[in-house]
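In: predicted model and sequence follow; I will ask about them next.
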Amino acid sequence: MAKKGPIKENLEYGALRLFCAIVNAIPYEFALKMARGMAKFLAKTLKFKRERTFSRIKSVFPGISDREAADIAERSLANILQTAVEMMRAPYLDKAWMDRYVQDGEAYKKRLQEYVDEGKGVVIMVPHSGNWYMAAWSMAKYGLPLFAIAAKQRNRKIDAWMKRQYGDIEVLERGNQRTLVDIKRKLEEGRAFAILPDLRVPQKDVEADFLGGKANVSHAGAMFAVRCGSPVVVAAMRRENSKHVFAHLATLRPDPEAKDRKGQAEAIMREAMRILDAEIRRNPGDWFWYNKRWILQPVKQ
């Protein structure tokens, strides 16, 4: 991956830190109101990516009106901007903050801890819905031994900033040769692995029905669960009345007697995607409809 030149790198980083300073100087709830106002302006006045986003929404919900599609799109954009606000404030989101803004967060951590205590780790799959970062931040802040993977940013200074924002979550670098070995080792140590199922991996892998199309998803996360005997928790985080609320959707357990490990991993991924599809349809305003890497992006043969 090519690195950016020093001038562009410094300009991007400087702009980011300026936004961070402004957002952190404003009371949290007022910053969220500003984010919602900006979403309304972008969606209704500037019609930001309106045609493409409406097309996506209507392909999943055929027959809905333009007004209903606009409402889903605006709520989705507001959610993304609010997530950006929280990312910029991440170092200051302590346990007391979680107690106030994450509903029953500690209770859900205890539920996940029960899986961890089985001694084989747990794989937690969440979609790009609600604030998926908050799902991880809160669990780590309550003491769940959590780790994840993330791609390295082209801008080195922004990459270092992102690592600081992850806080208590141990983050492994996607694409690093040791990462696969480290994931297996950490699961065997009885830790929790949080992943976001990628809707369109570039090489052909597991084809799954998803939101009216065919998603090409990696079976790797499920394969780690199969190899280590780890349960797979499928969950989502919703925004409800200024709170972050966990939705525990399912617990999928690999069959220790299964001979075809890859086949079992693929089956787990298809079931996880089916469950996530149903959750997104129930709460479409929390889903990231503006994602560039949509599910019908061509696969490299």
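Out: That came through, no problem. Numbers count the residues shown, from 1 in each chain.

In: next, give phi and psi for K184.
Out: Backbone torsions of K184, given as degrees, to the nearest 10, read phi -60, psi -40.

In: begin at 532 from now on, thanks
Out: Yep, numbering from 532; the last one is K715 now.

In: so it touches S761, yeah?
Out: No. Between K715 and S761 there is no contact under C-beta atoms under 8 Å: 10.1 Å. The way it works is simple: take the backbone N, C-alpha and C, and place the C-beta from them, glycine included.

In: between these two, what contacts are shared?
Out: Counting by C-beta atoms under 8 Å, 6 or more residues apart in numbering, the common neighbours of K715 and S761 are F755.

In: and those two? which has more neighbours close in?
Out: Taking other C-beta atoms under 10 Å, K715 and S761 do not tie; S761 has more neighbours (28 against 16).

In: can you give me the distance of the residue nearest to the more buried one when sequence neighbours are not counted to A803?
Out: Ranked by C-beta to C-beta, 6 or more residues apart in numbering and with sequence neighbours excluded, the top spatial neighbour of S761 is G652, at 4.5 Å. G652 is 17 Å from A803, where distance means C-beta to C-beta, to the nearest Å.

In: cool, F561 as well?
Out: From F561 across to A803, the span is 37 Å (C-beta to C-beta).

In: SS state for the nearest residue to G816 once chain neighbours are set aside?
Out: The shortest distance from G816 to any non-neighbouring residue, by C-beta to C-beta, 6+ apart, is to R606 (3.1 Å). The three-state label given to R606 by DSSP: H, G, I helix; E, B strand; the rest coil is helix.

In: all strands of the stretch 532-681 of the chain, in order?
Out: Under the criterion DSSP state E, counting those that start in this stretch, the stretch 532-681 of the chain carries strands at the ranges 633-634, 653-656, 677-681.

In: can I get the ones you listed in CSV including mean pLDDT?
Out: Converted to CSV, the strands of the stretch 532-681 of the chain look like this (pLDDT from 0 to 100):
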stretch, mean pLDDT
strand 633-634, 97
strand 653-656, 98
strand 677-681, 94
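
In: columns distance to Y623 and mean neighbour count on top of those, output as a markdown table?
Out: Listed next are the strands of the stretch 532-681 of the chain as a markdown table, based on distance: least, C-beta to C-beta, whole Å; neighbours: other C-beta atoms under 10 Å:
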| stretch | distance to Y623 | mean neighbour count |
| --- | --- | --- |
| strand 633-634 | 15 | 20 |
| strand 653-656 | 24 | 26 |
| strand 677-681 | 19 | 21 |
